[in-house]
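Trainee: Next come a sequence and a model predicted from it.
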Amino acid sequence: MYYAHSANRNNDWHQLKRHLSQTACLAESFASNSFLKSEAQLAGFLHDVGKYGDLFQARLHGKVSHVDHWSAGAWMALLEYRSIAAALSIQGHHIGLQQLDKQSLKRMDPQRLKEMHPLGFRVSESNANVLSDRFYAECERLPLLEQTVLANDITSSVSRMLDVRMLFSCLVDADFIDTEAHFESTAEGKKHRPLGLSLRATDALKLLQEYIQRLETQKAGKTPTKVIEIRRKLLDACLDAAQGETGLFSLTAPTGSGKTLGMLAFALQHAANWALDRVIVVIPYLSIIQQTVEVYQAIFREHYGSEYILEHHSLAGCGEEPAAADDDGDSAPEISPIRRLQLLSENWDAPVIVTTSVQFLESLFSNRPSACRKLHRLMRSVVLFDEVQTLPANLAVPMLAGLSHLAHQYGSTVVFATATQPAFDHLHASVAKQCSRGWQPRPIVPNPHVLFGALERTTVRWEDPRTPFSWRRLAERLMAYPQVLCIVNVKRHARELIEAMGDADTFHLSTNLCPAHREQVLGMVKERLRGGQPVRLVATQCVEAGVDLDFPVVWRAYAPLDAIIQAAGRCNRDGRMNRAGDVYVFMPEDEAYPVGYYEQAAQITKILLRGLKKKTQDIQDPDFVQSYYRMLYDMARPDVSERAQEILNAVKAGDFPRVARGFRLIPRDSMNVVVPYAGAREEYRLLDADASEGLNRYWIRRARRLAINLFRPQPDDPIWCNMRPVPLTRRAADSLSEWYIYLNPEDYDERLGLVTQSRTHLWMI
């Protein structure tokens, strides 16, 4: 008798032949709607063939350690079944996807690994015939595959690497689920987790339409008629476009036109028409996610329960898995108060997923088992990208190629939605080199000019950049308005302007404030706006996308055009003024931008402005926006940027780890710091006390309201004196922890947030 895993709590050992057959069955079902079906079944059967080795069986009894049980099945898939993708997936189901090239494939040979293993492991059995004989004694010989991902051609591209990841996802998720069922078993036998809810798209669409109708009724008389008409037109356009076949779509609509609910209506109608399985909403910022989830829960929770909407990101308490989660293990998984949420988030087994662009893109291009296991859920799904102007332009070509291949190969639909639609179709030729269909989305709104023209709510006035504003001069101008919003490019500028103004009616928003503090400030600002009270808000870009503010006057420091347009969307947002709102674009005396692409784009804005015949150009005209992006792409060349070339070279080499590193959107030298915000002092005290028990998902879920993100300081930085790491466990304090408690309440200012003398230059970020 050969075993896959040691005894569970009922003292039952996991028989290897059952694990292989059930993993194969699950993997095949996950790939059932794609050409991967047979290859996924093969990978499931062969993935743990190495466990037939005597050395691995000894490992299960604790007699040895560091035994490679994955390479044998990979070699068998390669040698006997000519399946390169299955071999890569099997090899990677513990150590991650490696490299697609001839030399790397040859190194799967157990004889070579016996002589020199790259990880210093021992192979469970170097004689492949011994393992195959034991396997075939318990399992039937599988038929040769008629179709494989790579066939005999190992030429690599973005689309081919995505096919391998999809197969990998089916295998890994099946392996994890069957292993989990063994360790969660009861006296009656293996206990598989309950499946997630189904989408029920038609019924969900009815609930959404009823919600929209209630909103219209509640706001009757408060929202201008033309705004209501535009929202209805947009909704109708979304429902009409949903009749089209699956594929790539773009949704260009002005701020305040009901885009968030309109694209959800598109997704549900489209899913109902084409029997799609789920809706995945991808949003750039956590602040927008919070608002979006609250709206979605208000629509669906009463009817479908809390599991209908799954919120998944780094601060949801169920975010990125540690590297240890890549091992299926030989012990029962941790039970916690949010265990069910964790299970659903591990493989996105829910009808509606709301996640960040960081989580989505890093997973789509990852090589790690724990990150990739959710990817097969993207098959036959609607993926909605909101505020797409925030997507990293220097990653545009591989990103668009991956999404295009997802749509056309796996029966999915991808929607790019924003008020400032980037001219990504300008990159079609470059994308087509990595994915045959390139990037040619269909517009959901055929003529967006109609929407923008009807919602013309602002006049933009460009201050002469040759006459920059000092902070004192700008403060004097802002103080003349009872209600005004001013947005600057860096936090240092926000602080200096706040200090120049210095009155009780001036508020501040930046990421130096924790989410709970920002929420409180936004609440006070909105209340004053509604009540007609004096309120002046100085903020960074954190208010530009998805934050529902409506000021009569907005000042914006020179920036990328899309940022200026987003800022203008906070002016006369609901069109209630009897005239156009005023948006002023100014140049600070101390010109500064976040480094990199943002600065390049800001310079393009200045170049474009110099070519204008009139200084009141309608910046929200879609044609004007497209001309800006085309100029930006022609000059900045995101398709040949250093980072893009690095990733595309890694793609050409078939190097999965290098590609994954290239798609790390948040530097790994950042960390989360729980701050002593006075408005939530009791929460802070409890988090501080519970941190001694060690880091867990439940603690993270509570802590996210008080957490800010910082670049990791140098080891000799004095800020470390005020920070205590949260250990991963009670027994293991980790000097490189990702979570810290900030200890000095005097450094957290009630207006400015965290203010320290740290050499990390908080105000420079």
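Mentor: Yes, it's here. None of the values given here were measured: they were computed from a predicted structure. Numbers count the residues shown, from 1 in each chain.
Trainee: what residue ranges in the stretch 151-300 of the chain score low on pLDDT?
Mentor: Along the stretch 151-300 of the chain, the model assigns pLDDT under 70 to residues 287.
Trainee: where do the strands sit along it?
Mentor: 248-252, 278-283 (DSSP state E, counting those that start in this stretch).
Trainee: quick one: strands adjacent to the first one?
Mentor: Yep, that's strand 248-252 we're talking about. For strand 248-252, the paired strands and their directions (DSSP bridges) read strand 413-418 (parallel), strand 442-443 (parallel).
Trainee: any idea of the angle the first one forms with strand 278-283?
Mentor: Here strand 413-418 runs at 30 degrees with respect to strand 278-283, directions being taken by axes from the mean of the first three to the mean of the last three C-alpha atoms, to 10 degrees.
Trainee: What's the first helix or strand after strand 413-418?
Mentor: helix 428-432 (DSSP states H and E).
Trainee: Mind listing residues that contact that next one?
Mentor: 397, 400-401, 404, 438-440, 639 (C-beta atoms under 8 Å, 6 or more residues apart in numbering). All C-beta atoms are positioned from the backbone trio N, CA, C, and that covers glycine.
Trainee: Repeat the analysis, applying 6 Å as the threshold.
Mentor: Contacts to helix 428-432, defined as C-beta atoms under 6 Å, 6 or more residues apart in numbering, come from residues 397, 400-401, 438-439, 639.
Trainee: of these, closest to Ala545?
Mentor: Minimum distance to Ala545 across the contacts of helix 428-432 is 20.4 Å, recorded for Leu400 (C-beta to C-beta).
Trainee: quick one on the thing from earlier: dump the strands of the stretch 151-300 of the chain into CSV; add distance to His5 and mean neighbour count as well.
Mentor: Below are the strands of the stretch 151-300 of the chain laid out as CSV (distance: least, C-beta to C-beta, whole Å; neighbours: other C-beta atoms under 10 Å):
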stretch, distance to His5, mean neighbour count
strand 248-252, 43, 24
strand 278-283, 30, 26
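Trainee: mind listing the helices in the stretch 651-765 of the chain by residue range?
Mentor: Ranges of helices within the stretch 651-765 of the chain are 656-662, 681-690, 697-703, based on DSSP state H, counting those that start in this stretch.
Trainee: let me redo that: the stretch 151-300 of the chain
Mentor: 158-183, 201-218, 225-241, 259-274, 286-304.
Trainee: roughly how far is the first one from the heart of the chain?
Mentor: It stands for helix 158-183. Counting by C-alpha atoms, centre = their mean, to the nearest Å, helix 158-183 is centred 19 Å from the centre of its parent chain.
Trainee: list the helices and strands that helix packs on?
Mentor: Judged by 3 or more C-beta pairs under 6 Å, 6 or more residues apart in numbering; DSSP states H and E, the packing partners of helix 158-183 are helix 16-30, helix 37-46, helix 84-95, helix 369-372, helix 396-409.
Trainee: can you put those helices in TSV and add mean neighbour count, distance to Arg705 and mean pLDDT?
Mentor: Below are the helices and strands packed on helix 158-183 laid out as TSV (neighbours: other C-beta atoms under 10 Å; distance: least, C-beta to C-beta, whole Å; pLDDT from 0 to 100):
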stretch	mean neighbour count	distance to Arg705	mean pLDDT
helix 16-30	22	36	96
helix 37-46	27	41	96
helix 84-95	28	36	96
helix 369-372	26	26	94
helix 396-409	25	31	96
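Trainee: and the least confident helix or strand in the chain by mean pLDDT, which residues are buried?
Mentor: One helix or strand of the chain scores below all others by mean pLDDT, DSSP states H and E: helix 339-346, with a mean of 77. Using 16 or more other C-beta atoms under 10 Å as the test for burial, helix 339-346 gives 339, 341-346.
Trainee: Next SSE downstream of it?
Mentor: As assigned by DSSP H and E, the chain's next helix or strand after helix 339-346 is strand 352-356.
Trainee: so how far is that next one off the chain centroid?
Mentor: Distance, centroid of strand 352-356 to centroid of chain: 8 Å (C-alpha atoms, centre = their mean).
Trainee: Next, the angle helix 158-183 makes with the following helix or strand past it.
Mentor: Remark: after strand 352-356, the chain's next helix or strand is helix 357-364, criterion DSSP H and E. Between helix 357-364 and helix 158-183, the angle comes out at 90 degrees (the same axes, to 10 degrees).
Trainee: how about the CA coordinates for helix 357-364, as PDB?
Mentor: Extracted in PDB, the C-alpha atoms of helix 357-364 (Å, rounded to 0.1, in the frame of the first residue of the first chain):
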ATOM      1  CA  SER A 357      -5.300  45.200 -10.200                       C
ATOM      2  CA  VAL A 358      -2.200  44.300  -8.200                       C
ATOM      3  CA  GLN A 359      -3.700  41.000  -7.000                       C
ATOM      4  CA  PHE A 360      -5.200  40.200 -10.400                       C
ATOM      5  CA  LEU A 361      -2.100  40.900 -12.600                       C
ATOM      6  CA  GLU A 362       0.400  39.500 -10.200                       C
ATOM      7  CA  SER A 363      -1.600  36.300 -10.200                       C
ATOM      8  CA  LEU A 364      -2.100  36.200 -13.900                       C
END
